[in-house]
Structure formats: structure tokens, C-alpha cells
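# Predicted structure and sequence below. I'll ask about it afterward.
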Amino acid sequence: MKKLILARNFLIFSTLITLTTLVTRIDSAAANEPTLKPVVRPVSRTLQLMNHEKNQGLAVEADLSSVDIDLSIGVSSQRALARAVVTFSVTEAGNPFFLLDAKIKSIVLDGSSVEINRVSAPGTDSTELVVLMRPLEPGTPHVAVVDYVIGSSHLDFSESGVNFQTQMRDTQIAWKSRRHYFECYGPTGYESDQYALTLHVALIGAYGRHRIFANGTVQETQEHAWTITFPSYFSSSSFYLHITDAPLAVVETHYAGLERDIPITVYSELKGRARKGAHALPELLEQYERNFGPYPHASFIAYLPFIMFGGMEHSGAAVTTLDALGHELLHSWFGRCVSPSDGRSGWIDEAVVSWVDRGLPRGVWPPNRDHVNLGGFSIFERFATKQAYRAGPRFIAELDGLLANSGGMLAALKDFYTLHRCEPITTEIFQAFLETRTGVSLDQEFKSYVMGQ
Ligand SMILES: [Zn+2]
């Protein structure tokens, strides 16, 4: 569910004013009163639907509040049958859309069957919107019951059960398959859309002991069946679930966090690797809490597979190599807590985390190099560009140079995290925050080194 963005922006605005006063007092170099700009409201994603020159009305983004999914994974059929009950609203009148990359059998909207229209999201390579062809008005909640089938390409099976894992395949072995988030497993939205997911999973025809690892609250309802409840601040890239009968070494420990005790679970096919991961994590957690603020999630789970390239992060969970463990853990602050609204803001957390990986280098301000596009994409783009890993940390280093007299980027990021803890952000929000802190307009630099213009 999107929070009341307007109200929140007023809040940001007033907090920024407070920060500005502080900054100008501390940093006498910033003698000019900063020009405060109203924070830009994230663009609502709408699309005019046309069919053979015929106007079919407007498609508008569904704002999900809760999704409840029954998922039956058939071991012999090698597919999963699913029913999702989606509660949502629309912020403007139109045909609602969400994301679901599965074979849809039927959708019942507010009690009666509805036609769907699959539409390619403009300006993206692969994103497909599922539009429910019935115009709705804002103001009241709606319920869609979606029956669908998940094919074998998004499921993994073993001889006696499953090795099922929600995954973002881009960084996994399947290099050629396109990147995805939760839309392969259930109806979801853009990363700006936070909602409460409850997942009831049953394995049909499985035998032998299966283990479940998830970044939500797990309840075993019967043999081979579980209900997992995820926190309501999660969005499409947050959820982590792994059900497997593979033999795994599991090391459990904990870390006494600033706000609460953090249970840590590290598992791997290799016992030594799990032990090393569990050994490294408390020190990393302590370092990140000191630099950025309290760890925000209820626990941390790390899967260190036998074969792995790179890593992938979720909210309080990661699948990773030992080398990338620190990187993926830091995404639990930047990326999966302070989260990008979409692919236009996805560069921010990769830039921040990669800058920390590189040892917090300080660059020269203003930058003088080739322009680069990190965020100037379609409002329908969902994924960050690979440039975010290279040109992103460079820009953060240069900003660190700009902030050299006022605590640097590290102090700024700590305040930014505190301000936007576990809510979606945009490039505009990040720029406005930095302008308030520095007291200078960063329009030209963001235009050149973020928007590629
Ligand atoms: Zn990363």
C-alpha cells in the first residue's frame, strides 16, 4: 500500500527544514540559505489502452494492501496451482493493473469474472502488465481472486520433493533469463508498493523431511504445509522463501542489535562455509549499525550455495558468496529497507553499497567526466542499470567530496536512512535531501551523471 505520499512529503519537507538549520549552523561554508524545492510526487503509472485504434480507456496501477496466496506445488506434475486473493485500491479512475508472470486461468473482480489484457510496459524490455478490463473508481477497496499456474521454469524439484526458492535469476546461473522479482509466484506491484503478503504453501506428493527458510513468520500447519506471514513494509523484491529437502549445514547464532536481538541463520551445502558466514556476520552488523543506524529487520538469513555467482538481496535475507556477504547484508539497509520506487531509483542503493565496498573513497567535486544515465528511464522500468555498479559509487564518492566539510557522505547516508527507514524513495527525494544538506543546487550534476543528459 502506498502511504499518503502528499502527507509524507510535507513531513519530509518539515524535517528537511530542521536539518537545513542544523547544517547551515555547522557548516559556515554553506553561507547561502539553501533553496528548498518541494519533493516531487512519484509519477503515478498510467497507460492509455488502444486496440486497433479503438480507445479502451486508461490502465492504472493497482495499489495493493494485502495479498493472500494458496500455493500447491505438485511434485509429480512439476507445476504449482495457485489462488491469490488481492485487496487493492486505485488512486485514479481506470482499469487496474498489477504484475503476474504466470499462466492465469481466471480472475474474479469484486464477485464477477473479468477479462484481462496483457500489455507490454512502455519503454521496458520485458515488463508485462496484467490489466483487469473493468474501470474502477478510487476511494473503495476492491478484491480480485486470481487462479493461476506456475510452470516448471520457476520451480525446482528434487527426487522426493522440492528445492523451491524465490529468486531473482539475473544474478544466478541462468544468466540469459531475464530478471524478475515476486511476479513469478504471485500478483505483485512495483517496488514502491508495500503490502502484507501471506503465503500458504503445500507440497503435494512430497516425502522426506523438508526445511523452510523465509524472511517472514513461519508456521507449520501440517506435514509439508506452511503459512508464512511477511511484514507489511515488504514489496516485490523483499520476499525470500526456500523450501528444500537437500542436505544442508545450518549454523544459527545471534547479534545483540541496537534495537533488538537479531537471530542469524546461515546455511550452505558446505559446513565450513556456513560457519565462516556466521562468524563474519556479527562484526559486519556492528559496523553497519554504527555507520548507518539500527538494523531494521527481524532476523537475517544467508544462504551460501555451493555454486554461486555474485549475490542477491532480500529484506533481511541474502543468497550470496562469502565475498559478497557484506555487500548483500548492507542492502538490508539500502535497497531492501530504504528501497527504490522503481528502476529509475534503483541506482541509489547499488551506488551506496558499492561505494562502501570500495572503502568509502572521496572524489573531487564537481565531477568532470562523460555523462552517464543511471536513472533516466521509463516510469515503467523496474530494474537498475548495470552502470549503477560502476558510475554510481563514483558519483557517491564525488558527493562525499562536496560534503567534506559537513561530515561527508557517511553521515549524510545515516541521516537519509533515519529519515526514510523502510519506505520507498526516488531520485528526486535523494537529490532534494542532498541539496538541503549542502545548500547548493545539484540540478546540473544530477542531470549529467544520473539522468545522462
Ligand atoms: Zn548490490
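Happy to help now that I have it.

# Leaving out the residues flanking it, which one is nearest to the residue nearest in space to the middle of the chain?
Central residue of the chain (C-alpha atoms, centre = their mean): Ser237, 3.7 Å from the mean position. Distance criterion C-beta to C-beta, 6 or more residues apart in numbering; nearest residue to Ser237, sequence neighbours excluded, is Tyr181 at 4.6 Å. Where C-beta positions appear, they are placed from N, C-alpha and C, glycine not excepted.

# Now do the residue nearest to Val338 when sequence neighbours are not counted against Arg209, distance only.
Closest residue to Val338 apart from its sequence neighbours, by C-beta to C-beta, 6+ apart: His420 at 4.8 Å. Relative to Arg209, His420 is positioned 42 Å away (C-beta to C-beta, to the nearest Å).

# same thing with Arg83?
Going from Arg83 to Arg209 by C-beta to C-beta gives 27 Å.

# next one: Gly186
Remark: distance between Gly186 and Arg209 (C-beta to C-beta) = 26 Å.

# These two: who's more crowded?
Set Gly186 next to Arg209 and count neighbours by other C-beta atoms under 10 Å: Gly186 wins out with 27 against 10.

# contacting residues for the closest residue to that one other than its chain neighbours?
Nearest non-adjacent residue to Gly186, counting by C-beta to C-beta, 6+ apart: Ile69, 4.7 Å away. For Ile69, the contact set (C-beta atoms under 8 Å, 6 or more residues apart in numbering) comprises Ala82, Arg83, Ala84, Val85, Tyr185, Gly186, Leu197, Thr198, Leu199, His200.

# And what about Ile69, helix, strand or coil?
strand (DSSP: H, G, I helix; E, B strand; the rest coil).

# Stretch 336-344: which residues count as buried?
Arg336, Cys337, Val338, Ser339, Pro340, Ser341, Asp342, Gly343, Arg344 (16 or more other C-beta atoms under 10 Å).

# So which of those residues are in strands?
Assignment to strands by DSSP state E places the following of the buried residues of stretch 336-344 there: Ser339, Pro340.

# Can you check what pLDDT the model gives the residue nearest to Val338?
Per-residue pLDDT puts His420 at 96.

# Is Pro424 in contact with Ser341, as I believe?
Yes - under the criterion of C-beta atoms under 8 Å, Pro424 makes contact with Ser341 at 4.4 Å.

# Please name the residues that touch Pro305.
Pro305 sits next to Ser268, Glu269, Val319 when contact means C-beta under 8 Å, 6+ apart.

# Please narrow those to those residing in strands.
The strands, defined by DSSP E, take in Ser268, Val319 from those.

# Now flag whichever of the contacts of Pro305 is closest to Phe98.
Set against Phe98, the nearest of those by C-beta to C-beta is Val319 (25.5 Å).

# Can you tell me how far the closest one is from Gln165?
8 Å.

# More neighbours: those two, which one.
Val319 (26 against 18).
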